[in-house]
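Trainee: Fold the following and give me the result.
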Amino acid sequence: INIDNSKILGYQSFAEPHDSFFESIKELKSYAMRTEDDRVLFATIARNVITRFSLEKNGDALRLFFPLNYSERNYVNRTLSHIPNVKDTHIVLLYSEQELCDLPNESEESVIAEIRTFKSKGYEVALELNDNDLTLSTSIYDSFDFFLIDVDVNLKLDNKSSQKSLYNFTGLVEKLLKYHRPIIAVDIPTWDSVELIYKLGIPLISSEAVSPADENVLPIPPKSITKMNVMKK
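Mentor: Coordinates of the predicted model:
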C-alpha cells in the first residue's frame with residue numbers, strides 16, 4: 001500500500017505446504033528439484049495463486065508480486081499462458097537478488113535477456129534485496145521495474161548495532177534512488193517499524209502488522225488505514 005494516498009499497489013503472493021513433512025515452500029521446492037517435479041509444482045502453485053487473485057481482486061490495476069526461483073524461469077511463459085485471464089492480470093515476477101549473486105558473472109547478459117523477454121510478454125519484474133550492498137552490475141538493476149527491500153533482514157532495530165543497521169539501510173535506499181524505480185519496503189515486523197520506514201521517505205510498504213497474510217485477496221483493515229492517516233499528520 002502507498003501510505004501517501006492509501007491506495008493498494010498490489011499483493012504479495014505466498015504458498016505454504018499443508019499436510020506435509022516440509023516446513024516451508026522453500027524446502028518443498030528444493031525437494032521437487034531433486035525429484036524433477038519442480039515444473040509440476042511451479043505450475044500447480046501458479047495456477048492456484050494467479051487464478052484466485054484474478055477472481056478476487058478488486059481493481060484492474062492491482063498487481064500480483066509472484067516469487068520466482070531462478071530455476072523456474074524457463075517454466076513461466078508456457079505455464080502462465082494457459083491460465084485463464086492471465087493477460088488481464090498484472091503479474092510482477094519477483095526475483096531474489098541473492099540467487100542472481102550466486103550465478104557466474106557471464107550469466108548476467110542472459111538474465112537481462114530473459115527479463116526483456118518477460119517484459120515483451122506483458123509481465124513486469126521486481127528484485128527483492130536481502131543485503132545492504134549492491135553487488136550486481138548496474139545493467140542488472142536497471143532492468144527491473146520495482147525494488148523490494150526486506151526490512152526484517154536488512155534493518156535490525158532491536159540490537160546494539162541498530163544505529164549502524166539504520167545507516168546501512170538508508171545507504172541502500174540512496175543507492176537505489178538513481179535507478180528511478182519504485183522502492184517497496186516489505187516484511188516490516190511492527191507498526192513502529194512501519195512509521196520509521198515512512199519517515200525515511202519510503203511510502204510503499206508491505207507489512208503483516210498492517211494487513212495479515214490471508215488465502216483470500218482482502219482490503220486493508222479500516223483500523224490500519226486510520227493508523228496510517230494519523231502517521232501522515
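
Trainee: Just the strands from the chain, written as ranges.
Mentor: Along the chain, counting by DSSP state E, strands occupy 10-12, 63-67, 90-96, 124-129, 146-150, 183-186.

Trainee: Those strands into TSV, with extra columns for mean pLDDT and mean neighbour count?
Mentor: (Each C-beta comes from the backbone N, C-alpha and C, glycine too.) Below are these laid out as TSV (pLDDT from 0 to 100; neighbours: other CB atoms under 10 Å):
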stretch	mean pLDDT	mean neighbour count
strand 10-12	97	21
strand 63-67	97	22
strand 90-96	96	22
strand 124-129	96	21
strand 146-150	96	22
strand 183-186	96	21
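
Trainee: JSON lines for the ones you listed, including distance to residue 196?
Mentor: Shown next, in JSON lines, are the strands of the chain (distance: least, CB to CB, whole Å):
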{"stretch": "strand 10-12", "distance to residue 196": "20"}
{"stretch": "strand 63-67", "distance to residue 196": "23"}
{"stretch": "strand 90-96", "distance to residue 196": "24"}
{"stretch": "strand 124-129", "distance to residue 196": "18"}
{"stretch": "strand 146-150", "distance to residue 196": "13"}
{"stretch": "strand 183-186", "distance to residue 196": "10"}
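
Trainee: Work out the gap between the worst-scoring helix or strand of the chain on mean pLDDT and the centre of the chain.
Mentor: Ranked by mean pLDDT, DSSP states H and E, the helix or strand of the chain with the weakest confidence is helix 151-154, at a mean of 80. Mean-position distance between helix 151-154 and its chain equals 13 Å (CA atoms, centre = their mean, to the nearest Å).

Trainee: Which other helices and strands does it contact?
Mentor: Using 3 or more CB pairs under 8 Å, 6 or more residues apart in numbering; DSSP states H and E as the contact test, the elements touching helix 151-154 are helix 162-177.

Trainee: Show the end-to-end separation of stretch 179-186, please.
Mentor: Counting by CA to CA, to the nearest Å, you get 19 Å between the two ends of stretch 179-186.

Trainee: low pLDDT regions in the protein?
Mentor: Along the chain, the parts satisfying pLDDT under 70 run over 106, 156-161.

Trainee: Does anything pack onto the biggest helix by length in it? Which helices or strands?
Mentor: The helix that spans the most residues within the chain, counting by DSSP state H, is helix 38-56. Packing contacts for helix 38-56, counted by 3+ CB pairs under 8 Å, 6+ apart, involve helix 25-34, strand 63-67, helix 76-80.

Trainee: which one of the ones you listed is the most hemmed in?
Mentor: strand 63-67 (a mean of 22; mean count of other CB atoms under 10 Å).

Trainee: Excluding sequence neighbours, find me the nearest residue to residue 47.
Mentor: residue 83 (5.8 Å; CB to CB, 6 or more residues apart in numbering).

Trainee: Show the contacting residues for the one you found.
Mentor: Residue 83 makes contacts with 46, 47, 50, 51, 54, 89, as judged by CB atoms under 8 Å, 6 or more residues apart in numbering.
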